[in-house]
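This is a predicted model, with the sequence first.
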Amino acid sequence: MKTFQILSFLFLIFCFSCSTSPIEDFVVGENFINDTKAVVMIDTLTFQSSSVKFDSIITNSSGRFVVGCNYNSFSGYKNSNAFMELSFDDNITNTEIVFDSLNLVLNYDTYYSGDTTVTQTFSIHQLQEEMKLDNDGSLYSTSEFAYKSTPIGSINLKPRPNSHKEVSIRLSDILGSQLTKMIKEKSDTITTQTLFNKFFYGLVIKSQTNVKGAVVGFRTTDSQSNSSSTSSSSTTSSNNKTRPQIRLYYHLKSNPTDISDLYYKFSFYTSGIYFNQLFDDSSNSLLDGISNTNNERDSKLTNNLILAQSGVQIFSKIQIPYIDKLLQMGTNSAFIGATLRIYPVKGTYSSISSLPDSLYVYSADRKNHLIGQVTLPGSTTQYTYALLRVNNEVEKTVYYEIDISSFIDTELKEELETKKRSLMIGYGSASAKKTVGQVILGGLNSGIYSPKLNVYYYHN
């Protein structure tokens, strides 16, 4: 049998190293397999499906602030709060100023997940301690820093993530007057970043909990220079797309009738510490009590469904417990490759375009620890992904297709005691820390949505 496993490996190197197309497109050819009748497909292997929840993920320096709350019946409510540091990034040219108002200005970056027609409350709180990275240089979705319980501002709004509207939130006049005094005095406390961080540790934008609304994204960078002014209404049009700013609006004593908007700005400090804090409430959902079962829930207990979710990260787990049976195919056979198809459940997504184009595929050990991304056959640097496909031939069928040839080939070659790896399918870390989306997939025994595993063998 070892001879044929080596033959299999050679097939995989030449046939798959640069492609993720279906296996059947590659198992024939004059240089490889001349007799197509010798290729056998097996689709009767038993497998198991479940959903696995991870305790936390790294969320600092995400490139996006996500704030809000959304809901689905599978995993319940997901909330996101944004923590950030700020800096005074203006030159003080006028000290004869009269304070008007203090506003936090945010700009959407078009991302959202959930129902944007629902009104939500965002509250702004001042931090009470300096943010510091963990020993590994990271902050996590579960990281905590103390903040004042009384907000310095709040807003009720229906998010408009695709609009060109700024979100402007009126902040405390007391804080505004304090900052005005410092500007008049040209205080080092605000003009020196280190001193300012000691005076003003930062702020958190908190979302209202347990609302069936939307999580929306806000920019962390400027799209162009902020040369135009804006008013202090809750949402105003702007050609500029700025990172978060606290704007201190004022007028000059020398010209009190001037009604143009003048302001000094304290902008989100891009070189500082920032992160998204993400948490959930799975009460009365299909995952209620999952922490009591080692954070894994068999699809038999979740209406034969499995979940891939970002933010509060959950993976769809596929395990093939009887891979060893492939070793019983006979002495004149060789494993060629395998594909796995998983199906999003119709009615759980608004449109095909709302589904991610791809999902990451990892291998995991018996304790559900991720080992690494699954590679394409014959490669150690090219990875396989679950790629979204749409078949319009008879009735529109939507599915994700995965080349798992190298995963099964590795399992076949492992010693018996080291087997039992599983596939984990979900969002990659870069996406998971700045989105709160989900894909609900069919698990074992979900009818037309059940995963389909095809294994290809060559017999001579």
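Sure, I can see it.

can we go C-alpha only for contacts and neighbour counts from here?
Noted.

Give me the distance from stretch 55-73 to the chain's centre.
For stretch 55-73, the distance from its own C-alpha centre to the chain's C-alpha centre is 7 Å (Cα atoms, centre = their mean, to the nearest Å).

Could you verify that residue 455 is part of a strand?
Yes. Membership of residue 455 in a strand is supported by DSSP: H, G, I helix; E, B strand; the rest coil.

In terms of pLDDT, where does it sit?
At residue 455 the predicted local confidence, pLDDT, stands at 86.

can you tell me the helix or strand for the closest residue in space to it that isn't next to it in sequence?
Counting by Cα to Cα, 6 or more residues apart in numbering, the nearest residue to residue 455 once its immediate chain neighbours are dropped is residue 338, at 4.3 Å. For residue 338, the element it lies in under DSSP states H and E is strand 333-342.

Show me what the next helix or strand after that strand pairs with in its sheet, parallel or antiparallel.
Beyond strand 333-342 on the C-terminal side, the first helix or strand identified by DSSP H and E is strand 358-364. Sheet pairing for strand 358-364, assigned by DSSP bridges, gives strand 370-373 (antiparallel), strand 385-391 (antiparallel), strand 422-426 (antiparallel).

Counting by contacts, list what the lengthiest strand in the chain packs against.
Determined from DSSP state E, the single longest strand within the chain is strand 97-114. Contacts defined by 3 or more Cα pairs under 8 Å, 6 or more residues apart in numbering; DSSP states H and E place strand 97-114 against strand 65-72, strand 165-170, helix 173-184, strand 214-218, strand 245-252.

What is the third one packed up against?
Looking back up the chat, that one is helix 173-184. With contacts defined as 3+ Cα pairs under 8 Å, 6+ apart, the packing partners of helix 173-184 are strand 97-114, helix 188-191.

three-state assignment of residue 311?
Counting by three-state DSSP, the backbone at residue 311 sits in coil.

if you skip the residues just before and after it, what's nearest to residue 68?
Sequence neighbours aside, residue 215 is the residue nearest to residue 68 in space, at 4.1 Å (criterion: Cα to Cα, 6+ apart).

close enough to count as contact, the one you found and residue 436?
Yes. Residue 215 sits in contact with residue 436 when judged by Cα atoms under 8 Å, with a separation of 6.9 Å.

ok, back up a step: next, format the helices and strands packed on strand 97-114 as CSV and append distance to residue 90, mean pLDDT and mean neighbour count.
As requested, the helices and strands packed on strand 97-114 are exported to CSV (distance: least, Cα to Cα, whole Å; pLDDT from 0 to 100; neighbours: other Cα atoms under 10 Å):
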stretch, distance to residue 90, mean pLDDT, mean neighbour count
strand 65-72, 23, 97, 27
strand 165-170, 19, 96, 23
helix 173-184, 10, 96, 16
strand 214-218, 22, 97, 26
strand 245-252, 11, 94, 21
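
Distance of the residue nearest to residue 68 relative to residue 76?
Computed as Cα to Cα, to the nearest Å, the residue 215 to residue 76 distance reads 14 Å.

Over to residue 319?
The separation that residue 319 has from residue 76, given Cα to Cα, amounts to 25 Å.

if we can go back for a sec, so what does the strand holding residue 338 touch, helix or strand wise?
With contacts defined as 3+ Cα pairs under 8 Å, 6+ apart, the secondary structure elements packing on strand 333-342 are helix 2-16, strand 397-403, helix 405-413, strand 452-459.

Among the strands paired with strand 358-364, which comes closest to residue 95?
Shortest distance between residue 95 and the strands paired with strand 358-364, using Cα to Cα, is found for strand 422-426: 54.0 Å.

mind listing what's buried in the closest one?
422, 423, 424, 425, 426 (16 or more other Cα atoms under 10 Å).

Find out how far that strand is from the centre of the chain, if you would.
On the basis of Cα atoms, centre = their mean, strand 422-426 is displaced by 16 Å from the centre of the chain it belongs to.

same thing with stretch 99-110?
With Cα atoms, centre = their mean as the basis, the mean position of stretch 99-110 lies at 25 Å from the chain mean.

What residues of that stretch count as buried?
Buried, per 16+ other Cα under 10 Å, within stretch 99-110: 99, 100, 101, 102, 103, 104, 105, 106, 107, 108, 109.

Stretch 49-56 too?
Of the residues in stretch 49-56, those scored as buried under the neighbour-count criterion (16+ other Cα under 10 Å) are 49, 50, 51, 52, 53, 56.

can you tell me the helix or strand for the second one?
Read it as residue 50. strand 48-53.

Give me the contacts around that strand.
The set of residues external to strand 48-53 that reach it, using Cα atoms under 8 Å, 6 or more residues apart in numbering, is 290, 295-299, 305-308, 312-321, 368, 443-444.

residue contacts, residue 54?
The contact partners of residue 54, by Cα under 8 Å, 6+ apart, come to 295, 312, 313, 314.

which of those residues count as buried?
When neighbours are counted using 16+ other Cα under 10 Å, the contacts of residue 54 contain these buried positions: 295, 312, 313, 314.

Report the strands that pair with the strand holding residue 338, each with its relative direction.
strand 397-403 (antiparallel), strand 452-459 (antiparallel).

which of those sits most buried?
Neighbour counts averaged per stretch over those are highest for strand 397-403, at a mean of 22; criterion: mean count of other Cα atoms under 10 Å.

what does it contact?
Outside of strand 397-403, the residues that reach it under the criterion Cα under 8 Å, 6+ apart are 20-23, 337-344, 352, 358, 376, 384-391.

Same question for stretch 92-105.
Among residues not part of stretch 92-105, those counted as contacts by Cα under 8 Å, 6+ apart are 166-173, 175-177, 180, 183-186, 232, 244-254.

go with 7 Å
With contacts defined as Cα atoms under 7 Å, 6 or more residues apart in numbering, stretch 92-105 is touched by 166-173, 176-177, 180, 183-184, 232, 244-253.
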